[in-house]
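Chemist: missing the sequence, but the structure's below:
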């Protein structure tokens, strides 16, 4: 779990790096290989990307919309990372003759990628060394693996192709703002005195049991809901500890209602397990997710937090 979280943070760094690279650099070549062998020069032509690893992930594009396995929207940050990798990837050099056969066999058993651009496809294998310090790509049907890189970025590029369906999917839990918010309730089972009820009335918000409200504190709090996403959705069976926790009473239940009903959400937040940096949540669709403690705790306010001092 922690390894996956670090991988996602690491991959997001590619977005920043890609912005510093020149898109107009010339194509270097010699008698053995082309630097741009795996590169997609125009990512707007991509229709689909199929990734066949331990589980199959198919990323489809329809206009400006992207989906994962025709079930979920794609996480926009990871989509940008993926497009940056495909657009910026360079061949550094072929692997040595001594390693060629071994690495080629390893790649055939690893991850296969098919990028569809109209009637043309790019098919290759992606993997790396055991230490995950070098990334290898190889065109399908050929026997020559290459060491690949993004100029100025020496880390494990092939990691982007190792993400699971759940890691690729869009992870937004709340997407609201004060202009469209109707009401927001936070219930604490067993501790009703801590319950919060924020609602819009006449020309501004009111909060039950808060006569003198600090407007700045309220607006700062509501800004947390403008774009709030989970770290990762997890399936049943991901962890026996989380499965057991999900059967207990939640620490708090957040219920948000919007003018746009599609953005309505109910989120149960369960107590933090000992020595865990994450808290388990359950949305109205019955999906479990993990959110790091430092972010989710900012949502669990009480009436006293909004009183004018």
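Modeler: Thanks, I have it. As the structure is a prediction and not an experimental result, all values here were calculated from the model.
Chemist: please name the residues that touch the nearest residue to residue 187 once chain neighbours are set aside.
Modeler: Take residue 187 and drop its neighbours on the chain: the residue closest to it by Cβ to Cβ, 6 or more residues apart in numbering is residue 253, 4.6 Å away. Quick note: C-beta positions are derived from backbone N, CA and C, even for glycine. Taking Cβ atoms under 8 Å, 6 or more residues apart in numbering, we find residue 253 in contact with 185-187, 189, 266-269.
Chemist: try 7 Å
Modeler: Counting by Cβ atoms under 7 Å, 6 or more residues apart in numbering, residue 253 touches 187, 266, 268.
Chemist: give me the number of residues near the first one?
Modeler: Just to be clear, that refers to residue 187. 16 (other Cβ atoms under 10 Å).
Chemist: how about the most centrally placed residue in the chain, nearest residue that isn't a chain neighbour?
Modeler: The centroid of the chain falls nearest to residue 75 when counting by Cα atoms, centre = their mean (4.8 Å). Among residues not flanking residue 75 along the chain, residue 170 sits closest, at 5.3 Å (Cβ to Cβ, 6+ apart).
Chemist: pretty sure the one you found sits against residue 72.
Modeler: Yes. Using Cβ atoms under 7 Å, residue 170 is in contact with residue 72, at 6.0 Å.
Chemist: got the domain ranges for the chain?
Modeler: Domains of the chain are assigned by automatic domain parsing as 2-168, 172-306.
Chemist: how much space separates the residue nearest to residue 187 from residue 194?
Modeler: 12 Å (Cβ to Cβ, to the nearest Å).
Chemist: thinking again about what came up before, worst mean pLDDT among the domains of the chain?
Modeler: Across these, domain 2-168 has the smallest mean pLDDT, namely a mean of 85.
Chemist: contacting residues for residue 90?
Modeler: 35, 148-151.
Chemist: what bridges to it?
Modeler: Following DSSP bridges, residue 90 is listed with bridge partners residue 149.
Chemist: now residue 268
Modeler: residue 253, residue 282.
Chemist: quick one: stretch 177-193 to chain centroid distance?
Modeler: 27 Å (Cα atoms, centre = their mean, to the nearest Å).
Chemist: then stretch 236-246?
Modeler: Distance, stretch centre to chain centre, for stretch 236-246: 21 Å (Cα atoms, centre = their mean).
Chemist: can you check stretch 180-198 too?
Modeler: The answer for stretch 180-198 is 29 Å, by Cα atoms, centre = their mean.
Chemist: same check, this time on stretch 299-307
Modeler: Relative to its chain's centre, stretch 299-307 lies at 29 Å (Cα atoms, centre = their mean).
Chemist: for it, buried residues please.
Modeler: 299-303, 306 (16 or more other Cβ atoms under 10 Å).
Chemist: tell me which residues are up against stretch 270-283.
Modeler: So stretch 270-283 is contacted by 173, 230-231, 241-242, 245-246, 248, 250-251, 265, 267-269, 288-293, 296 (Cβ under 7 Å, 6+ apart).
Chemist: among those residues, the buried ones, what's the ChimeraX command?
Modeler: Typed into ChimeraX, the line below selects the buried ones among the contacts of stretch 270-283, using 16+ other Cβ under 10 Å:
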select :173,230,231,242,245,246,250,251,265,267,268,269,288,289,290,291,296
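Chemist: out of the contacts of stretch 270-283, list just those in helices.
Modeler: Those of those mapping onto helices are 241-242, 245, 293, 296, per DSSP state H.
Chemist: and the residue nearest to residue 75, how far from residue 77?
Modeler: 10 Å.
Chemist: gap between the nearest residue to residue 288 once chain neighbours are set aside and residue 167?
Modeler: The shortest distance from residue 288 to any non-neighbouring residue, by Cβ to Cβ, 6+ apart, is to residue 234 (5.2 Å). Separation of residue 234 from residue 167 (Cβ to Cβ): 10 Å.
Chemist: equivalent analysis for residue 148, please.
Modeler: Applying Cβ to Cβ, the value for residue 148 to residue 167 is 22 Å.
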